[in-house]
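Visitor: Quick one: sequence plus predicted model below, questions after.
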Amino acid sequence: MSHTYTVMISAGEASGDLHAANLVKAMHKLAPDTRFTGMGSDQLREAGCELLVDCADIAVVGLWEVVKHYGKIKQALNQLIDALRQSPPDLLILVDYQEFNFRLAEKAKARGIKVLFYISPQVWAWRPHRVHTMAKKIDHMAVLFPFEEQFYENAGVPCTFVGHPLVDEVKPDRSAAECYARYQLNAEQPVVGLFPGSRKSEVARVLPILLESAKLIQQAKPDAQFILPLASTIALTDIQGLLAEYPSLQVRAIRDRSYNVMQVCNAIMTASGTATLEIALMGIPNTIVYKIAPLSYWILKRMVKIADIGLENIVAEKRIVQEFIQADAKPAAIAAEICRLLDDTQYRSTQIAELNKVRGKLGKEGGSANVAKLALDMIEGRV
């Protein structure tokens, strides 16, 4: 007999929306009558979750950006807190978006609601001392990287390594030939991907750098083609003005699964974030570009305890992909790196081999199913 459970799920940006959606689908296979409400965007809605808040307008990065959007963020948090009070769920699942979700976790715990945090905050990278306060806010942590399990357990946080859901998710659903035709690309000419991120604030800072870099790439390679997949949280109108400033590039802005777009790219310039790991799993040579508000960077630079910020470099435990961050995000240097990835066969092959090693470190398939089982075990009292 199937039980009817209620689960609130909170995902604050496009990558979390994807993981949350796949978690909902996996839970529906185990407990079909489970009802989901919460915060997310298009993919979570399509998976069958009743959205109380659409995260598209509050997906920001950087301290200054959070301050500017504080009113909207606070309003979204209050809506979810009200929902917790009025209709307490059997379980609250928090997906990344740590500062917001920790506030929500505190309110849930105060009401005796079980809390599962999925896609753990990277406290091992910055402010590692915060791990000791997590046990007070959450009941269980589901982690994506093997080394995280020991880190949390050493601090007394109940933890399970579930494997990375991207191992399951990163698969095109169209053939390369179909995508070339659909995007009106010539398979005989180089294709460079522009992946500016999923938050409006980061797109506003990163995309101009990518477009300037693309202009220099075009000067070196007149036959280069450029393609930009739109995250679910970004509207075409958000970037049309910028694209119009570079008419000669003829950037194809595509609303399609990013994995379909990745497979036709010979090289990619990407914002730091989950996309770097997705590109690594696809085995596409790439470089990381990132820029945030100067004050945010100045503060975060003093807090971060690791050498690289790109997830593919963190998992590799060495720099396998070049990072162009803040003042180093210079179009000339970025363009030169992309041209090298396109032209230098040995350099390209070495990076692809390292990306394949990253894939091997992320575990086997079944990450979403593993965390769905963990969630159900928590609801039914087995964990």
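Guide: That came in fine, so what should we check first?

Visitor: Show me which positions of the helix or strand harbouring L374 end up buried.
Guide: Per DSSP states H and E, L374 falls inside helix 367-379. The neighbour-count check on helix 367-379 (16 or more other CB atoms under 10 Å) flags 367-376, 378-379 as buried. C-beta: built from backbone N, CA, C; applies to glycine.

Visitor: can you check stretch 223-241 too?
Guide: Across stretch 223-241, burial judged by 16+ other CB under 10 Å covers 224-234, 239.

Visitor: Give me the helices and strands touching the helix holding L374, please.
Guide: When contacts are defined as 3 or more CB pairs under 8 Å, 6 or more residues apart in numbering; DSSP states H and E, helix 367-379 packs onto helix 14-30, strand 91-95, strand 115-118, strand 140-143, helix 166-169.

Visitor: just the angle between the longest one and strand 91-95, please?
Guide: In this case it means helix 14-30. In terms of direction (axes from the mean of the first three to the mean of the last three CA atoms, to 10 degrees), helix 14-30 departs from strand 91-95 by 140 degrees.

Visitor: can you give me the angle helix 14-30 makes with helix 367-379?
Guide: Using the same axes, to 10 degrees: helix 14-30 against helix 367-379 is 60 degrees.

Visitor: Using CSV, write out the CA atom coordinates for helix 14-30.
Guide: What follows is helix 14-30, C-alpha atoms only, in CSV (Å, rounded to 0.1, in the frame of the first residue of the first chain):
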residue,chain,number,x,y,z
ALA,A,14,19.2,26.2,-12.3
SER,A,15,21.6,23.4,-11.3
GLY,A,16,19.8,22.8,-8.1
ASP,A,17,16.5,22.8,-10.0
LEU,A,18,17.7,20.0,-12.2
HIS,A,19,19.0,17.9,-9.4
ALA,A,20,15.8,18.5,-7.4
ALA,A,21,13.6,17.5,-10.4
ASN,A,22,15.5,14.2,-10.8
LEU,A,23,15.1,13.5,-7.1
VAL,A,24,11.4,14.1,-7.3
LYS,A,25,11.1,11.7,-10.3
ALA,A,26,13.1,9.1,-8.4
MET,A,27,11.0,9.5,-5.2
HIS,A,28,7.8,9.1,-7.3
LYS,A,29,9.1,5.7,-8.4
LEU,A,30,9.5,4.6,-4.7
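
Visitor: That one: how far from the chain's middle?
Guide: Using CA atoms, centre = their mean, to the nearest Å, the mean C-alpha position of helix 14-30 is found 14 Å from that of the whole chain.

Visitor: Which SSE is immediately downstream of it?
Guide: As the chain continues past helix 14-30, the following element, by DSSP H and E, is strand 35-40.

Visitor: Quick one: list the elements packing against that next one.
Guide: For strand 35-40, the contact count by 3+ CB pairs under 8 Å, 6+ apart identifies strand 6-11, helix 14-30, strand 49-54, helix 70-86 as packing neighbours.

Visitor: again, only this time at 6 Å
Guide: In terms of contacts (3 or more CB pairs under 6 Å, 6 or more residues apart in numbering; DSSP states H and E), strand 35-40 is packed against strand 6-11, helix 14-30, strand 49-54.

Visitor: mean confidence score for the longest one?
Guide: Okay, so that is helix 14-30. Averaging pLDDT along helix 14-30 yields 91.

Visitor: Next: stretch 249-267.
Guide: Here the average pLDDT along stretch 249-267 is 95.

Visitor: And for that stretch, what's in contact with it?
Guide: When contacts are defined by CB atoms under 6 Å, 6 or more residues apart in numbering, stretch 249-267 is touched by residues 170, 172, 174, 176, 179-180, 183, 190-193, 214, 226-230, 236, 243, 282, 284-285, 338, 341-342.

Visitor: Whichever of those residues end up buried, select them in ChimeraX.
Guide: Buried residues among these (16+ other CB under 10 Å), as a ChimeraX selection:
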select :170,172,174,179,180,183,190,191,192,193,214,226,227,228,229,230,243,282,284,285,338,341,342
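
Visitor: Now intersect the contacts of stretch 249-267 with the strands, please.
Guide: 191-193, 226-229 (DSSP state E).

Visitor: what's the pLDDT at L44?
Guide: Per-residue pLDDT puts L44 at 94.

Visitor: Pretty sure it sits against L18.
Guide: No: look at L44 against L18 with CB atoms under 6 Å: they stay out of range, at 8.5 Å.

Visitor: For E212, which non-adjacent residue is spatially closest?
Guide: Among residues not flanking E212 along the chain, P331 sits closest, at 3.9 Å (CB to CB, 6 or more residues apart in numbering).
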